[in-house]
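In: using only what follows, build the 3D model:
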Amino acid sequence: MQDYLINKIFRIIKTKNPKIVFDTRKIKEGDIFIGIKNKNNNGSNYYQEALKKKCLLAIIDKKIQNKKVIFVPNVMKFLKILSAKILNNYKGNIIAVTGSVGKTSFKENIYNFLAKEKQNAYKSYRNFNNELGLITNICNINLKSTHSIFELGINQINEMKKLTNILNPHYVLITNVENSHIGNFGNYKNLLLNKLYLLESTNLKKALVNLNKKYQLVPNKYKLNKNITFMNFTKDINFNKTKSKNKIFYLNFIYNFEENYIKSDSNDLISNNIAVISFIFISMFFYKSNYNKYFFKKSLLKGHGKVIKVNKNKRNYLIYDHSYNASPYSMDKNLDNFLSISNNTNRLIILGSMKELGNQKTKFHKYIIKKLLNLKNCIFIGEEFYDLRKKSNNNFYLNYIDSINDLNKYLKKINYVFVMGSRLNNLDKLIKKLC
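Out: As a prediction, this is how the structure comes out:
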C-alpha cells in the first residue's frame, strides 16, 4: 500500500509540480499539505484548515473520510521515503552548502549566479536547513532543473550524518568552520569533524572547504582526497586594486599563483569573501561564465546583512540588518566591515548576545565588549552581555524592549545603524521600531 501511495504522490509531483507545505498558514490552492508531528504539536490536527484553503491533498496520520485526505501511520517516515524517490529520479547536479557563517547568503548567491547565466536552477527555501527542512525542500525540487542548491545546518552531534545520508550531494561548499553552536559539540574538534562529515557523500565529485584555522585537525582521508580542495581565505587570497564602473566593481585577486578578474555588486570585506569563494567553488562545476559576476546584492536576505534605507522623522539613515543570527566569528568580521564604512560619530551599533556557546560564552562576549570599548554609540542587549556590565554602564539591557526608549537620543545624529545578534534577542522587532 505504501509503495502505491509513494508512486501516486510522485506522479502528481512530476506532472502538476505542487508545493509540499507543512505550515497551514502558507498553504495555497493546489498545494499538498503534510501534517508533521513533533514534541509539542501534531500538524495533522490542522488538516481542515488546509482543506479550506483548497489544498490538492492532505497527508496526515488520521483516518478521515475525505477523498483529499491520505492516511499514513508515520508522516515523517513517509516523507523520507518520498524524498528518496524524488532524488533517485533527479538528473541534475545536487549542491550542498554548509558552514558556521554565511550558508544562506552563499546559497542565494550561487543560485543568483546560475540564474544570471540562464541556467534552470532550484534552491532550498530560505534557511530551512535541518532534517525536516531538507526533506521538504527535496520534495519541492524542480525535477527539470539542471542544478539544485541546498543549505544544510547543524547544531547537534551526528546531525550532519543524517543530512548527508539523505542528500548525498555531488558538490559541497563548506564556507568556514567557526564557533557557532560550539556549546552543543563540546569543543572545536568535534564541531569540525561533524561539519566535515558532509564530505562522506557517496556521490561526491568536488568539494571546497574554506578553513581559516586548525587545519591540523582535518583527517588525512580528506586532505589526501584529490576531489576535495582546502583553502584559507585570509592567507590564500591576495587582492590587487579594485576598479568600479556603472556601480559594478571589478575585483582583481591572486589565488594559487593565478591572477583572476571577477565582477561584483559591492566592494567590502563580506561581499568580497562571498564573491571570491563563490567564484572558486562554481568553477568546479560551471566552466564558462558569460557575465563573470560572482556577487549579487540580492543574495543578502532580510536579517542576513541586507541594507535597509530609512527615512523617518526627517532623518535618513541606513540599517545593516544582521538580526537573524550571530556567532563570535560572524559578529567580529561583520563589525570590522561596518567599522570600515562608517565613522565614530555618525554610527550606532546595536548588538544582541550570542547563544549556544556553552562554557565559552563569557570569553566571547568579553572580547566583543573590549573590541568596542573606545567607540561611541554602542548598545548591548541580552543576558550574556548584561551580566558583564559595569556599574557605570548605562547602555546594557536585558532585552530589546528596555532599550527602545533610549534609541531616539542616538537616532538624531547618526547615518548608519548596525544590528546583529542571535534570533532569541528579537532584534528584528527592534528594527521594525527603527523603520
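In: any chance you could map the helices in the stretch 101-250 of the chain?
Out: Remark: helices assigned in the stretch 101-250 of the chain by DSSP state H, counting those that start in this stretch are 103-116, 131-139, 159-167, 188-196, 220-223, 233-236.
In: helices or strands up against the fourth one?
Out: Spelled out, that is helix 188-196. helix 159-167 (3 or more Cβ pairs under 8 Å, 6 or more residues apart in numbering; DSSP states H and E). C-betas here are computed from N, CA, C, even on glycine.
In: cool, and the longest one?
Out: On a contact count with 3+ Cβ pairs under 8 Å, 6+ apart, helix 103-116 meets strand 93-98, strand 121-123, strand 147-151, helix 269-282.
In: swap in the third one?
Out: If contacts are counted by 3+ Cβ pairs under 8 Å, 6+ apart, helix 159-167 sits against helix 75-88, strand 93-98, helix 131-139, helix 188-196.
In: okay, the angle between the second one and helix 131-139?
Out: For the pair strand 93-98 and helix 131-139, the angle between their directions (axes from the mean of the first three to the mean of the last three Cα atoms, to 10 degrees) equals 160 degrees.
In: reformat the helices and strands packed on helix 103-116 as CSV; add mean pLDDT, mean neighbour count and distance to residue 10.
Out: Listed next are the helices and strands packed on helix 103-116 as CSV, based on pLDDT from 0 to 100; neighbours: other Cβ atoms under 10 Å; distance: least, Cβ to Cβ, whole Å:
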stretch, mean pLDDT, mean neighbour count, distance to residue 10
strand 93-98, 98, 26, 18
strand 121-123, 97, 22, 17
strand 147-151, 98, 25, 17
helix 269-282, 96, 23, 31
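In: kindly reformat the ones you listed as a markdown table containing distance to residue 252.
Out: Compiled in a markdown table, the helices and strands packed on helix 103-116 are given as follows (distance: least, Cβ to Cβ, whole Å):
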| stretch | distance to residue 252 |
| --- | --- |
| strand 93-98 | 26 |
| strand 121-123 | 28 |
| strand 147-151 | 27 |
| helix 269-282 | 11 |
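In: picking that back up, highest mean neighbour count out of the helices and strands packed on helix 159-167?
Out: Of all the helices and strands packed on helix 159-167, strand 93-98 carries the top mean neighbour count, a mean of 26, counting by mean count of other Cβ atoms under 10 Å.
In: other SSEs contacting that one?
Out: helix 103-116, strand 147-151, helix 159-167, strand 171-174.
In: out of those, nearest to residue 399?
Out: Ranking the helices and strands packed on strand 93-98 by proximity to residue 399 (Cβ to Cβ) places helix 103-116 first, at 25.5 Å.
In: got the angle for the closest one vs strand 93-98?
Out: Using the same axes, to 10 degrees, the direction of helix 103-116 lies 150 degrees away from that of strand 93-98.
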